[in-house]
Structure formats: C-alpha cells, structure tokens
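S.K.: Sequence first, then the predicted structure, then my questions.
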Amino acid sequence: MDPQYHPKIIGRKGERVKKIREEHDVIIQFPRENESEQNITIIGYEKAAEAAKETILNIVREYVSNTNSCLATRVLWIIWNPVEVS
C-alpha cells in the first residue's frame, strides 16, 4: 500500500490503528520510512486479519473518495467561475 495513506490509517496519535488492533485482536505493522517494502503486515487469526484488512481498505477508499470529491468540486467551481484576465 502506498505509504502516503499510512498516516490516515494510523490516525492522530495512533488512535485509529490502535482501535483497529483492539477491535480485531490483531497486530498491525507498518514498514519503516526508508524500507523499499510498502506492505502493511497484519498478524492474527484469518477472519480477524481479513476484517482488519477490510477496515484499513475502507479508510483508504473513504480518503480517496473525499479527496477526489474535493478536487472535482474545485474543478467545477473554476469552470463555472472563471477568473477574468485583463
């Protein structure tokens, strides 16, 4: 997973990832910044690990959706409200 999403998954002061760990009873490990490996490791029983993975993917999907929505709104606003050039 692209490291740009890691802060969104971890959350402020690690609260979001802590909640996922507790809810699903799993261990979640992130790669170090300088590692070429970008995978997040989830350790636990299969169903719990799958559920944690789905929770993480939903966080990323929601972030991407919100980002794209904001971008689309800005683009539409620029198209409908062009700046006059003198």
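M.R.: Sure, I can see it.

S.K.: Just confirm residue 24 contacts residue 50, I think it does.
M.R.: No - Residue 24 sits out of contact with residue 50 when judged by CB atoms under 8 Å, with a separation of 9.0 Å. C-beta here means a position set from N, CA and C on the backbone, and glycine is covered the same way.

S.K.: Neighbour count: the two, which is higher?
M.R.: residue 24 (22 against 14; other CB atoms under 10 Å).

S.K.: so what's that one up against?
M.R.: By CB atoms under 8 Å, 6 or more residues apart in numbering, the contact set of residue 24 is 44, 48, 49, 51, 52, 55.

S.K.: per-residue pLDDT, the residue nearest the centre of the chain?
M.R.: The residue lying closest to the centre of the chain (CA atoms, centre = their mean) is residue 60, at 3.2 Å. Per-residue confidence at residue 60 stands at 89 (pLDDT).

S.K.: hey, where'd the strands end up in this protein?
M.R.: 27-29, 41-43 (DSSP state E).

S.K.: what ranges do the helices span in the protein?
M.R.: 6-10, 15-24, 46-80 (DSSP state H).

S.K.: Just the CA atoms of the second one, as PDB, please.
M.R.: Listed in PDB are the C-alpha atoms of helix 15-24, where the atom choice follows Å, rounded to 0.1, in the frame of the first residue of the first chain:
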ATOM      1  CA  GLU A  15      -5.700   6.300  17.800                       C
ATOM      2  CA  ARG A  16      -7.200   4.800  14.600                       C
ATOM      3  CA  VAL A  17      -4.700   1.900  14.300                       C
ATOM      4  CA  LYS A  18      -5.000   1.200  18.000                       C
ATOM      5  CA  LYS A  19      -8.700   0.900  17.600                       C
ATOM      6  CA  ILE A  20      -8.400  -1.400  14.700                       C
ATOM      7  CA  ARG A  21      -5.900  -3.600  16.600                       C
ATOM      8  CA  GLU A  22      -8.200  -3.800  19.600                       C
ATOM      9  CA  GLU A  23     -11.400  -4.400  17.700                       C
ATOM     10  CA  HIS A  24     -10.000  -7.200  15.600                       C
END
